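Colleague: Here is a sequence together with a model predicted from it:
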Amino acid sequence: MTSTTTSGGIVAAGAAAYDQIATSRNPVTHADGAHLNFKLDSVSETFGGCSANIAYNLAQLNATHQLLACTGALDQDRFIEHCQREGMNIDGLLICEGQHCSRALIITDPEGHQITGFYPGPEPDAARWREHLGRRVTHCRIWIQSPYPTDLMLTGLQFAKTLPDAPLRIWNPGQYAEVLSQAELKTLLAESDWVVVNRHELSTIEPLLEHQLVICTHGADPVEIRHPDQAPEVIPVPATDPNRRVDPTGCGDAFIAGTVSHLVQHEAPFAEHLSDAVRAGMRSAAACLAERGAQVHRLR
C-alpha cells in the first residue's frame, strides 16, 4: 500500500537500528591516544538508529512525520512492534528479505564521551532506494537526511529536491563526516540547505562549506548557528541536574527532532524562527539525556 506524507510533514531518512549500549570506567581517549580494550560495567539493548530516533521524538511531540529506513526481515519484529506502540509512522520502511537490521555498538565513558561502531544493515542500491522513495513520499516541508551509506544519503537529498514546494533539506552527517572523502563531502553539502553537526564533525566539513546554514552542538556548551549571510548566533544550553545526566545516546537526534518540530509549525523562511526552535531542541535533548537509550524518554 502506498503511503505519503502530508504537506506539513517531516521526513526522517536514514537508519533504524538496535543499539547495544555499554558503559566503561576507561576514558574513550587518554594521553597516548584511544583505548583499544574496554572493561564494560554495564550493557543493554535498546532501539536506535538516527532516523528512527528522530521519528520517535517527533511522535512524542505529535509532529506529522514519516520514517524512511531499511529493516531486515530476519529480526525486525521487535523493532516494528516498538514503533507501532510508540506511534511512529513506519509506512516508509523498506523491508529486506534474508537480512538483519542495523546495529550500533556504543561505549560511554565516565565523562560522557562515546565511541561507536555502526553496522548499517540492509543497503539497497541507489536505484532501488530512489524507486522506494518515489512510491512513498509526495510531499514534505522538511527532509532530514541522517547518517547512512553515501549513495543513499545523496539519493535522499537529491530526491527531496524534486518534491513540490522545495522542502528544507537538512543533512546530519554524523559519524560519516570523518570517513567520507573530500569529494563525497562536497557533493553531499551541495545538496544540503542546512547542516547539523557537533564540534568534531564541523572541523571536518568546515573548509567545504559554502551557502549552508550550520547548526553546531557541543554537549553542554552553547549551540552555535552559523548563518550564510549574517553574524553567528550563540545560544547557551540550560544547566541540567548532574544526577539526571544518564546517557547521551541519541541526544543529538532528539535535539534535531525538537528543533524541526518547532520549525514546521511556522511558515518559511524557517531561519527566522530558528533561535526558539533550537531552544525547543535543547529541551528534547535534555529529556533524552536523563534516560538510558535513545527511545525511552517521554516528551508528553
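Modeller: Now that the structure is in, tell me what you want to look at.
Colleague: what residue ranges in the chain are flagged as low confidence?
Modeller: The chain contains residues with pLDDT under 70 at 1-8, 30-31, 33-35.
Colleague: ok, which stretches of it are helices?
Modeller: Using DSSP state H, the helices of the chain run over residues 50-60, 77-85, 126-136, 150-161, 182-190, 199-205, 251-263, 274-289.
Colleague: So which elements touch the longest one?
Modeller: Under the contact criterion of 3 or more CB pairs under 8 Å, 6 or more residues apart in numbering; DSSP states H and E, helix 274-289 touches helix 50-60, strand 213-218, strand 221-226, strand 233-235, helix 251-263. Quick note: C-beta positions are derived from backbone N, CA and C, even for glycine.
Colleague: Which one of these lies nearest to His132?
Modeller: helix 50-60 (13.9 Å; CB to CB).
Colleague: In terms of secondary structure, what does that closest one contact?
Modeller: Secondary-structure packing of helix 50-60 (3+ CB pairs under 8 Å, 6+ apart): strand 10-13, strand 65-72, helix 77-85, helix 251-263, helix 274-289.
Colleague: export the shortest one as PDB, just CAs?
Modeller: Taking Å, rounded to 0.1, in the frame of the first residue of the first chain, the C-alpha atoms of strand 10-13 are listed here in PDB:
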ATOM      1  CA  ILE A  10       8.700  15.900   8.300                       C
ATOM      2  CA  VAL A  11      10.700  13.100   6.700                       C
ATOM      3  CA  ALA A  12      13.400  11.400   8.700                       C
ATOM      4  CA  ALA A  13      15.500   9.300   6.300                       C
END
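Colleague: Adjacent strands (with direction) for it?
Modeller: Neighbouring strands of strand 10-13 in its sheet, by DSSP bridges, are strand 65-72 (parallel), strand 142-145 (parallel).
Colleague: How about the contacts made by Glu178?
Modeller: Going by CB atoms under 8 Å, 6 or more residues apart in numbering, Glu178 touches 200-201, 204.
Colleague: For Glu201, see how far away it is.
Modeller: Counting by CB to CB, to the nearest Å, the gap from Glu178 to Glu201 is 7 Å.
Colleague: just Pro238 next, same as before
Modeller: Distance, Pro238 to Glu201, by CB to CB: 23 Å.
Colleague: and what of Glu184?
Modeller: On the measure of CB to CB, Glu184 and Glu201 end up 14 Å apart.
Colleague: Looking at these two, which one has more neighbours?
Modeller: Counted by other CB atoms under 10 Å, Glu184 and Glu201 do not tie: Glu201 has more neighbours, with 21 against 16.
Colleague: Next, the contact list for the closest residue to that one other than its chain neighbours, please.
Modeller: Nearest residue to Glu201 in three dimensions, chain neighbours excluded: Ala177, at 4.0 Å (CB to CB, 6 or more residues apart in numbering). For Ala177, the contacting residues are 185, 197, 200-201, 204-205, by CB under 8 Å, 6+ apart.
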